[in-house]
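> Sequence unavailable; structure follows:
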C-alpha cells in the first residue's frame, strides 16, 4: 500500500473521530526494511520514521539524513542504558521509557546535553511477561517520579496490545491513564489496528508492514 493510501486512511479515521486534521502523526516503521523501500517513502516526501534498535538506526539514518535533510526519528524498541548516548544523538522521540533506572540515566544524560527528546512511557497493558513496559498500576507513580525526581518532561504513553486480543479496551485504558496524568500524547496503533487507535485518541500511529510490505 502506498504512502498516499495510508495517509488517506489516517485522515479518514481522524475525521470520523471528529478530530482536527493533522492531529495524528504517522510514524513509518522502517526497522529491518531494505534501503530501497525506505528511500521510496522518503522520496514520496515522508519525514517521520521509527526504528526499534539504536544500532540499526545508526547504520541507516546518518546517510539518509545527509541526503534528504532533517528526518524526525522515533525509537520504538527497548532502550539499553549502554546505548543511551548514541540514542540521544540519533532520535528525536523515545517511546520506550519503562523503568526508574533508565529514567535516572536518561535524566543525567539530558542534563549533560542540555536537550531532551520527546518522551513516552511504555505501558504493558496486557501484562505480557515477554514485553517491555510498566504494569498499568505502576504508571501513575512513574509519571510522578519523572516529573518530580528525574525532571523529565514526559509527553505521553505508549502501548502495544496483545496480538490475540481486541485492541480497543487496551487503547481506552491507555487513554484513561494519560488523561488522569495530564499527558497529551498517545502512541498506539499499528498496521492492523491504527484506525481503531485513532478512534480512541491516538496522537501517534506506528505503521510498518501496511506501508512497506512484509519485512524480509
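That came through fine. This is a predicted model, so every value here is computed, not measured.

> Distance across stretch 94-106, terminal residue to terminal residue?
Taking CA to CA, to the nearest Å, stretch 94-106 runs 11 Å from one end to the other.

> And the contacts of it?
Applying CB atoms under 8 Å, 6 or more residues apart in numbering, the external contacts of stretch 94-106 come out as 50, 74-79, 81, 84, 87, 117-122, 124, 132-134, 142, 145-146, 150, 152, 154, 158, 187, 204. C-beta coordinates here come from the backbone N, C-alpha and C atoms, glycine included.

> Give me the buried positions along it.
94-99, 102-103, 105-106 (16 or more other CB atoms under 10 Å).

> CSV for those, including secondary structure?
Formatted as CSV, the buried residues of stretch 94-106 follow (DSSP: H, G, I helix; E, B strand; the rest coil):
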residue, secondary structure
94, strand
95, strand
96, strand
97, strand
98, coil
99, coil
102, helix
103, helix
105, helix
106, helix
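
> Can you convert those into TSV and add a column each for distance to residue 19 and pLDDT?
Output for these, formatted as TSV (distance: CB to CB, whole Å; pLDDT from 0 to 100):
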residue	distance to residue 19	pLDDT
94	25	98
95	21	98
96	25	97
97	26	97
98	28	96
99	32	96
102	32	96
103	31	97
105	36	96
106	31	96
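
> For residue 13, state which of the residues you listed is nearest.
Checking the buried residues of stretch 94-106 against residue 13 with CB to CB, the nearest one is residue 95 at 20.2 Å.

> before we move on, the earlier item: would you mind checking the contacts of stretch 94-106 for buried ones?
50, 74-79, 84, 87, 117-122, 124, 133-134, 142, 146, 150, 152, 154, 158, 187, 204.

> These in strands, which ones?
Applying DSSP state E to the buried ones among the contacts of stretch 94-106, the entries found in strands are 50, 74-75, 118-122, 154, 158, 187, 204.

> ok, so of those, who is nearest residue 15?
Distance to residue 15 across these (CB to CB) is lowest for residue 204, with 17.8 Å.

> isn't residue 61 right up against residue 71?
Yes: using CB atoms under 8 Å, residue 61 is in contact with residue 71, at 6.6 Å.
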